[in-house]
Structure formats: structure tokens, C-alpha cells
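# Build me a model:
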Amino acid sequence: MLQRVDFNQPKKLLTREELDAYDPESESWQKQFARRYTHHWELNGVLNKIEDVNETVYNKFAVSITPYMAKLMDRDDPNCPIRMQYMPSHHEETKPGFATSLDQLGEEGDTIPGTSVVHRYPRRVLFLVSNTCATLCRFCTRKRMVSQPDGSVAKDQIEASIDYIAGNKNIEDVLLSGGDPFTFTDERLDYILGELRRRAPHVRFLRIGSRMVVQLPTRVTPELCAVLEKHRVQMVNIHIDHPKEITPLLRQRVKMIQKAGVMMGLQTVCLKGINDSVEVMRELFMQTIEMGVRPYYVYSTDMVEGAHHFIVPHRRMLELYEGLRGWISGPAVPTFIVDGMGGLGKLPIIPSYVREEALADGSGTTIKCRNYKGMTVEMPGLGQDFSLPTQSN
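So this is what the prediction gives:
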């Protein structure tokens, strides 16, 4: 039987009493999706101290918030880490003293004509399948397409994308993203994944990036998990920026994905005033590793229009990294990166723990090492290039 989204708009939850009484597990994910708040004033009866932004903010980027995410927002604190990620702000219309762009990562330049495939690296591709998300992050890196009427991915583009991947035997790794692939029905996702597996058997690693798992956990159903298992999706990367987003319901649905044999990774964006704290990051990454989700990347905020107020300075990101390595479990320490403007790609942000220096007498080099506590040791042997003596018969 075909699975269809119910477009008969359910009643929005416009009072705190209605929202508090609402159980996200009481109805289908499609109905909850249809209950999303799409204007900040719709939350007036739910949240206090809402900033009254100009309507012009909506000309650049829409608002969309699921009831589930609204329930996680602090009723009275405008600096709530959930509210700050999703509620519009006047800062979005201010101009920073540096360059920003709607395509700051240069993805359009690496997109194969006629497709939605971004082919930047030799053996892996980004396959953009949707321009829809359950809830819209104010720092979204793809504002040029997400929520934009002219940013939708047409069916013929998806077919052309699968054709391109099928015809390029060098592609080993395909990441489905968007938007959010999980906004599709199970039937549609089943078709896309099935065609990739059928027509591109050379693809060795198939993964999906989704924040919908976090924004609307009830999207994860036995039927969805069966689709992931059927097509051997090896990894689902989810996006969490603050421990407050980790709930019992999220933990339950993550476990369902894991039982389908899917590895799970975490990506996080470093956001000023939200998670630019050592304590917050330590707790976030230990909670995620505890539920079997491996921290993968911490991105610097991209130089996208309207998100400059979230940017954390490079020096602070180095301090945050130093506050993690050695202080929490090794597998819980993600790679900090900056995504270079104009298509430069992902570049690691790593403090210098080991450095090579020239010896004072000019005879070679030595290696100076520093650990997480600041203790140092010199290891001159690592600076030498030894040749083993030749044995004579």
C-alpha cells in the first residue's frame, strides 16, 4: 500500500497548555510534520520574550519548527540553546565586516550539470535529494536551496544523478543529503536507494545525513529501518548541537536504527552562545558516544548570509579542542574543521601537540611533544632518518 503524506493540515498547537499536553508519539510523523510552526508569532502563546523580527527576514529564509522541538525550548529564556538555533533574529539582516555568500562552499561550481550531484573529491560524492527539512536551522549552510521554491530537486535531476553515479566507476562513497532525505516517504527513499544499489554496485559506502532524526524522532519507524537495512545503508549521520536535544525518545529511535545494522555518526556546528563551552561539548560528546553515536565533525559556522552572529573565532575552537582531547574518551573526540570558502573543502583545525624544530648546531632536527596537561618531552630520535646497515655475506 502506498505511503502518502497527509496534507490535511492538523490544528497547530498555539497555547502552552496544548503543547505541554501533546504527545509526539500519539500520531504519525506526517501529521506532526504538518503541525510545524512557520511564523514566529505562531509561538506567541507558547514562548515568552519572542523577538519581533521584521517580515523581511522571511524573504531570505523561512521559519519551520516542529512541535517536538518547540517542547524542548525554554518558555522564558530567549537564550535557550534550542530557541537560538531555530527562532529568527534581527542579526540575520545585519552586515558583518567580512564576506558572506549564499553558496559560500562553492557547491554549485562542483555540481555536475543536469544533476544534483556535487563531485568535489575523486571517489566520493554528495547527492542532494531534497530541499526540505523538518525544522530550519538559522545557520543553514544551504540557504540558497533549502525552503526556497526554486531550490527543489526535480525527479529528472534525481534520475540524472543516479545515472551519473552509475556511470562513474570511480565513485565509492555516496552521501545523501539536502535538505533532509528522511522528509521523503519510505516508498520514495526505497526507490532512490534501491536504484543506487542496483545500478551502481561499485558504490562501497552508502550514507545519509539527517537532522530530522533529532528534530522529529518519530520519523524513525520500523518501516524506515527496514528500508535502510534492505539497501545496506552503512551510516546515518545525525546533527546535534547541545545536550538538551538528547531525549529519551531520541535515544529510543537511535537504537532502532542501530538494530537495523547501521553505524551512526554525529556532526555538530560550533555556535556562539550555544555550545562554545568546554563543559557543554564534553557533555554532548560523552552523551552521544554513550548511546553509540560516534562524534565525527565539529564544523565552524559557515560564512553563509545571515549566520555571522553564530561564528566562533578560530582561536576559541582550538581552545575547545584542547578542552576535549585527553579529558574525555578518545573515541568521543571529533575532528574540528573549517569548510573552506569557494570549494576549498574540509580542513582540520588541530592544535600543535608535536612539532619539529631544527637543532641549534644545524646537524638535524628534534621533535618536541606536549600532552593535554601541558607536560612536554623532547624526542630527538623522531627527527632522524636512520638507514639500516647493509649485511654482508
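# Nearest to the middle of this protein, which residue? Look it up for me.
Geometric centre of the chain, nearest residue: His239, 4.1 Å, by Cα atoms, centre = their mean.
# What about that residue? Give its phi and psi, please.
Per-residue torsions, His239: phi -130, psi 110 (degrees, to the nearest 10).
# Enumerate the beta-bridge partners assigned to it.
With beta bridges defined as DSSP bridges, His239 has these partners: Gln267.
# Against Glu92, how distant is it?
Note on His239: its distance to Glu92, by Cβ to Cβ, to the nearest Å, is 20 Å. All C-beta spots, glycine's among them, are computed from the backbone N, C-alpha and C.
# Asp110 now?
Counting by Cβ to Cβ, the gap from Asp110 to Glu92 is 27 Å.
# cool, and Glu356?
Distance, Glu356 to Glu92, using Cβ to Cβ: 45 Å.
# go on, Leu271?
If you go by Cβ to Cβ, the gap between Leu271 and Glu92 works out to 14 Å.
# what pLDDT does Cys369 get?
On the pLDDT scale, Cys369 is placed at 95.
# ok, what's across the strand from it?
Beta-bridge pairing of Cys369 under DSSP bridges involves Val354, Val377.
# let's number from 553 now, not from 1
In the new numbering, first residue 553, that becomes Cys921.
# check contacts around it.
By Cβ atoms under 8 Å, 6 or more residues apart in numbering, the contact set of Cys921 is 905-906, 928-931.
# before we move on, could you check phi and psi at the spatially closest residue to Gly897 that is not a sequence neighbour?
Sequence neighbours aside, Arg672 is the residue nearest to Gly897 in space, at 6.3 Å (criterion: Cβ to Cβ, 6 or more residues apart in numbering). The phi/psi pair for Arg672 (degrees, to the nearest 10) reads phi -100, psi -40.
# So Arg672 is in contact with Gly892, correct?
No: the criterion here is Cβ atoms under 8 Å, and Arg672 misses it with Gly892 at 10.8 Å.
# Between those two, which is the more surrounded one?
Taking other Cβ atoms under 10 Å, Arg672 and Gly892 do not tie; Arg672 has more neighbours (17 against 14).
# what about stretch 725-732, distance to the chain center?
In terms of Cα atoms, centre = their mean, to the nearest Å, the gap separating the centre of stretch 725-732 from the centre of its chain is 11 Å.
# Let's see it as CSV, backbone CA atoms only.
Extracted C-alpha coordinates of stretch 725-732, given in CSV (Å, rounded to 0.1, in the frame of the first residue of the first chain):
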residue,chain,number,x,y,z
ASP,A,725,31.2,6.7,-1.4
VAL,A,726,27.8,8.4,-1.8
LEU,A,727,26.3,10.7,0.8
LEU,A,728,22.5,11.5,0.5
SER,A,729,21.7,14.9,1.9
GLY,A,730,19.7,18.0,1.1
GLY,A,731,17.6,19.3,2.8
ASP,A,732,16.8,16.1,4.6
